[in-house]
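> Okay, sequence plus prediction incoming.
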Amino acid sequence: MANDYSNFKNIDPNMAFRPADGNGIAWHLPFEAPMQLNGFAWFNQYHLYHRLPEEKPEEVTQYPGGKKLVVAAKDCGAFQLSPHTAGGQIRFRTNSSQFQIKGTMLNCGGMDHMAFTGSAGFDLYLNCNGTWKCFGVTRTDHYKQDFSATIVSGITREVRDVIINFPLYNGVTSLAIGLDADAVLEAPTPFVDERPVVWYGTSIQQGGCASRPGMCSSNILSRMLNREIINLAFSGSGRGEPEIAKMLADIPNPSLYIIDYTWNTDPEALKITLPMLLDIIRAAHPDTPLLLVTPTPGLPSMDEIPGTRAEDMAAVMLDEAKRRNDAGDKNVYAFDAFHDALGDDFWEGTVDLVHLTDLGFYRLSQAMYPVLKTILRQ
């Protein structure tokens, strides 16, 4: 007889959902002080947990195979994935002994190669004497849009900094955070620099396929660097369109742009879109550092044939950085993720030989951290 997997919660109580109970709880909205909402550059304008502005051009321009293609904005994946809340964070300080959460998701269900706790869950970190530690992740019925969960309860009442990370591959239409009714609630300890890092990328940097949101590289590095990182990575849809580039350039006072969209394009398109994208950003931010990231290793590179797609795109990124350096722009840097990020056994850090597991995200973040720290310090 087939196993009844729904019965696991009766066999192992740790497998059961923990809905929010609301007893002795005060509910708080993430965008109301003293809570601080990060990762949504246009939230104050639209009051939506979206990653791009609501005003869209009628059309966007793409260059598959190096040939110009104009498509309707509604068919542009970046706009379709803007409601996905990857990189969103709620930060505050409290001595609450429990953390509850309730709200409504945009969609139900998920993907066959990614845990629901990553695609549609929230996880919570507490700063314990200078070290960020994960204390819990939401467990809910992901086939229902409305959700409630106890993230963690019964912890020591001590005022600490808190980060709650948003889902990576779903949207959030309403949200409230529940704390002890008598808990202290304060603004978070400020970032080391209030200027955000802006990361433009693909499905990998949107978070595919982390087991929970805090393990996406933008969230790992946000904790390591003590900075806001605005995650503008779009699964299958980071294609370097100039219309999207203008939106990146509209973000005020960035400290760094990370340009990391090679897996969603091809070498011939990259030769056109990369210089165009960088010129658009440079026109708005002439001195802001730009870090060009090559593709991580993946399935297309395993045939060991010289000139594979990934290696060709890596060469375009590295050549563009050198060309701009030689022309006098010394604030353009390159990071060779193809060779320097995931290790010789890169496949062990992936779920499908392309998208990363928590191990892959951890390795990538550890490799990028000293590079980012050096650039930002300069």
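Cool, the structure landed. Numbering: from 1, shown residues only.

> Distance-wise, check Val197 relative to Ile230.
In this structure, Val197 and Ile230 are 7 Å apart, going by CB to CB, to the nearest Å. C-beta: built from backbone N, CA, C; applies to glycine.

> let me fix that: Met114
In this structure, Met114 lies at 22 Å from Ile230, with CB to CB as the measure.

> what's in contact with stretch 34-48?
With CB atoms under 8 Å, 6 or more residues apart in numbering as the test, stretch 34-48 has contacts from 28-31, 49-54, 83, 85, 87-93, 166, 177, 185-188, 196, 228-231, 251.

> Inside strands: which ones of those residues?
Assigned to strands by DSSP state E, the following of the contacts of stretch 34-48 qualify: His28, Gln89, Ile90, Arg91, Phe92, Arg93, Ile177, Leu185, Glu186, Ile229, Ile230, Asn231.

> Sketch out the low-pLDDT regions of the chain for me.
Counting by pLDDT under 70, the chain has low-confidence residues at 1-18, 299-308.

> what do you get if the cut-off is 50, keeping everything else the same?
Regions of the chain meeting the criterion pLDDT under 50 cover residues 1, 5, 301-307.

> which stretches of it form helices?
All helices of the chain, identified by DSSP state H, fall at 8-11, 43-46, 77-81, 116-119, 203-206, 217-225, 242-250, 267-284, 309-326, 337-340, 358-377.

> Ala187 touches Ile90, doesn't it?
No: counting by CB atoms under 8 Å, Ala187 sits too far from Ile90 to count as a contact (12.0 Å).

> before we move on, the earlier item: tell me which of the helices of the chain approaches Thr61 most closely.
Of all the helices of the chain, it is helix 242-250 that lies closest to Thr61, at 5.8 Å by CB to CB.

> and the closest one, which residues are buried?
Along helix 242-250, these residues count as buried under the neighbour rule (16 or more other CB atoms under 10 Å): Pro242, Glu243, Ile244, Ala245, Met247, Leu248, Ala249.

> now those residues as CSV including distance to Pro64?
Formatted as CSV, the entries for the buried residues of helix 242-250 read as follows, by distance: CB to CB, whole Å:
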residue, distance to Pro64
Pro242, 15
Glu243, 16
Ile244, 15
Ala245, 17
Met247, 21
Leu248, 21
Ala249, 23
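
> Out of those residues, flag the one nearest to Leu318.
Taking CB to CB as the measure, Leu318 sits nearest to Ala245 out of the buried residues of helix 242-250, at 20.2 Å.

> Wait, that closest one touches Met276, no?
Yes: the pair Ala245 and Met276 passes the contact test of CB under 8 Å, sitting 7.0 Å apart.

> Just give the nearest non-adjacent residue to Asn325, would you?
Distance criterion CB to CB, 6 or more residues apart in numbering; nearest residue to Asn325, sequence neighbours excluded, is Val332 at 6.0 Å.

> Of the ones in strands among the contacts of stretch 34-48, just the buried ones, PyMOL syntax please.
The following PyMOL command selects only the buried members of those, with burial defined by 16+ other CB under 10 Å:
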select buried, resi 28+89+90+91+92+93+177+185+229+230+231
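
> Wait, Leu69 touches Asp75, no?
No: using CB under 8 Å as the test, Leu69 is too far from Asp75 to be in contact (10.7 Å).

> From Pro83, how far out is the nearest residue to Gly238 once chain neighbours are set aside?
Once flanking residues are discounted, Gly238 sits nearest to Tyr261: 3.6 Å by CB to CB, 6+ apart. In this structure, Tyr261 and Pro83 are separated by 20 Å, where distance is defined by CB to CB.

> next one: Phe99
24 Å.

> burial of Glu55, as a residue count?
9 (other CB atoms under 10 Å).

> give me phi/psi at it?
Recorded main-chain torsions at Glu55 are phi -70, psi 120, according to degrees, to the nearest 10.

> Would you state the strands of the stretch 1-150 of the chain in chain order?
The residue ranges that make up the strands of the stretch 1-150 of the chain, judged by DSSP state E, counting those that start in this stretch, are 25-28, 36-38, 59-62, 69-72, 89-94, 99-105, 123-128, 131-137, 146-152.

> hang on, Glu320 packs against Leu292?
Yes: contact between Glu320 and Leu292 holds when scored by CB under 8 Å: they sit 6.4 Å apart.

> Please enumerate the shared neighbours of those two.
Contacts common to Glu320 and Leu292, judged by CB under 8 Å, 6+ apart, are Leu274, Val332.

> which of those two has more neighbours?
Taking other CB under 10 Å, Glu320 and Leu292 do not tie; Leu292 has more neighbours (25 against 20).

> Name all residues that make contact with the more buried one.
By CB under 8 Å, 6+ apart, the contact set of Leu292 is Ile259, Asp260, Leu274, Met317, Leu318, Glu320, Ala321, Val332, Tyr333, Ala334, Phe335.

> so which of those residues comes closest to Asp161?
Top of the list for closeness to Asp161, among the contacts of Leu292 and by CB to CB, is Asp260 at 28.0 Å.

> residues contacting Val152?
Val152 is in contact with Gln98, Phe99, Leu124, Phe135, Gly136, counting by CB under 8 Å, 6+ apart.

> List the contacts of the last one.
Gly136 makes contact with Phe99, Asp123, Leu124, Ile151, Val152 under the criterion CB under 8 Å, 6+ apart.

> Buried ones from those residues, can you make that a PyMOL selection?
Selecting only the buried entries of the contacts of Gly136 in PyMOL, with 16+ other CB under 10 Å as the criterion:
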select buried, resi 99+123+124+151+152
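
> can I assume Ala210 is in contact with Phe361?
Yes: contact criterion CB under 8 Å: Ala210 and Phe361 qualify, at 5.7 Å.
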